[in-house]
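K.L.:
Just need the structure, nothing else, for what follows:
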Amino acid sequence: MQDTQPVRSGEELDSRALEDYLKRHLSSFPSGELHVRQFGAGHSNLTYELKKGDFEAVLRRPPLGPVAPKAHDMKREYTILKALHDRFPLAPRPLMYSDESVLGAPFFLMERKRGIVLDTEWPEGVEGSHQLGQSISKEMVDRLVELHNLEYQGTELETIGKPEGFMERQVHGWIKRYDKALTDDVKSGERIKKWFIDHTPSSSEASVIHYDYKLNNAMFNKNNYSRMVGLFDWEMTTVGDPMADLGVALGYWIQKDDPESLRHGLGKPPLTVQEGFFSRDEFIERYAKKSGRDVTNMKVYLAFAYFKLAGIVQQIYYRYKMGQTNDPRFAHMNHFVNHLIDLAEETARV
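P.N.:
Residues are numbered from 1 along each chain as shown. So this is what the prediction gives:
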């Protein structure tokens, strides 16, 4: 099963300019034809596989068209990976960064990890089972705990975030982003926004948080599907409240008895709806046991995760509605935004 596909129409790279740049900056860059393919998953940044002779790498760049302020910051993600890789090897090793002068948008290169990304279907030849679902679930929880236990004080990672007042900034920041991308076919969310302002938890602890932690951002060993070998999409990473990170992970952790609107909001439901995978309660229970952290306030964090996801999806939908992208996957995302607002309110019981 290939994890790449031919480059989507309109999202091609200027291969000649890219190749010239790599020749100038990589002394070991081989001769021959540069092959470019695209990773098909994801709805935000564009990610490509580069291959030439024995050279291979992954290129990440922002989506086409105007982007939200402070979003899709390639230099920041590159800097995070530089600081993180040696301490948390699941994060890919970054290779180089370039501003927009080469491809018209900033980008960076990172190592090409090899393994299996599990998303909505099992790879060909793999049969799901209760035991396998349990093992993958445990690995997802345990690696999140490992990241949250990382000692970042006194390292470069200390500079990537401001833990004081983290949740207050998050609440006000995502309300602002949601309002800025508001269209006339989505809910304003006024009730849940006011509720968050009145119920923002005070963060008592800080850690390095991934903040986009989900099954299809992880890569597993091809011969042992319960061992993670890579973790991707570090764009939102910061130093902040680990409970917020757990909340985001739970927001993406769809279970089989969730409403259809959540299970199918981004297409086919993830494998987490299948036999053996943890429920959200089981995910929380193992996290609490492994980390020793207090998880009694998770309702607030999960409700906020749904609202934050609504903001992310709405930013994508806004670009589609404004004609800044023509990706047909985005055409009906406004319905998912409305479902997420409802779900945030239901979770918070406002």
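K.L.:
Now the closest residue in space to F220 that isn't next to it in sequence: phi and psi?
P.N.:
What sits nearest to F220 in space, not counting adjacent residues and going by Cβ to Cβ, 6 or more residues apart in numbering, is I116, at 5.1 Å. C-beta coordinates here come from the backbone N, C-alpha and C atoms, glycine included. Main-chain torsions, I116, degrees, to the nearest 10: phi -120, psi 130.
K.L.:
now the longest helix along the chain: how far from the chain's centre is it?
P.N.:
Assignment by DSSP state H gives helix 298-321 as the longest helix of the chain. Here helix 298-321 is found 12 Å from its chain centre; the criterion is Cα atoms, centre = their mean, to the nearest Å.
K.L.:
for F277, what are its contacts?
P.N.:
When contacts are counted by Cβ atoms under 8 Å, 6 or more residues apart in numbering, F277 touches 133-134, 136-137, 255, 271.
K.L.:
Looking at those residues, spot the one nearest F107.
P.N.:
The shortest approach to F107 among these belongs to L271, at 30.3 Å (Cβ to Cβ).
K.L.:
Buried residues in the helix or strand that contains S261, which are they?
P.N.:
S261 belongs to helix 260-263 when assigned by DSSP states H and E. Buried residues in helix 260-263, defined by neighbour count with 16 or more other Cβ atoms under 10 Å: 262-263.
K.L.:
next one: stretch 96-113
P.N.:
Neighbour-count burial for stretch 96-113 flags 97-98, 102-103, 105-111, 113 (criterion: 16+ other Cβ under 10 Å).
K.L.:
Next, format the contacts of F277 as CSV and append neighbour count, secondary structure and pLDDT.
P.N.:
Shown next, in CSV, are the contacts of F277 (neighbours: other Cβ atoms under 10 Å; DSSP: H, G, I helix; E, B strand; the rest coil; pLDDT from 0 to 100):
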residue, neighbour count, secondary structure, pLDDT
G133, 19, helix, 97
Q134, 16, helix, 98
I136, 24, helix, 98
S137, 21, helix, 98
Q255, 20, coil, 96
L271, 21, helix, 97
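K.L.:
Save the residues you listed as TSV, and put in distance to L81 too.
P.N.:
Putting those into TSV (distance: Cβ to Cβ, whole Å) gives the following:
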residue	distance to L81
G133	30
Q134	31
I136	24
S137	26
Q255	31
L271	26
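K.L.:
Helices along the stretch 101-250 of the chain, start to end?
P.N.:
Per DSSP state H, counting those that start in this stretch, the stretch 101-250 of the chain carries helices over the ranges 130-148, 166-180, 190-199, 242-252.
K.L.:
which residues touch the third one?
P.N.:
What it means is helix 190-199. So helix 190-199 is in contact with 171-172, 175, 178, 300, 303-304, 307, 341, 344-345, 348, 350, going by Cβ under 8 Å, 6+ apart.
K.L.:
Buried residues in it, which are they?
P.N.:
Here helix 190-199 shows 192-193, 195-196 as buried, counting by 16+ other Cβ under 10 Å.
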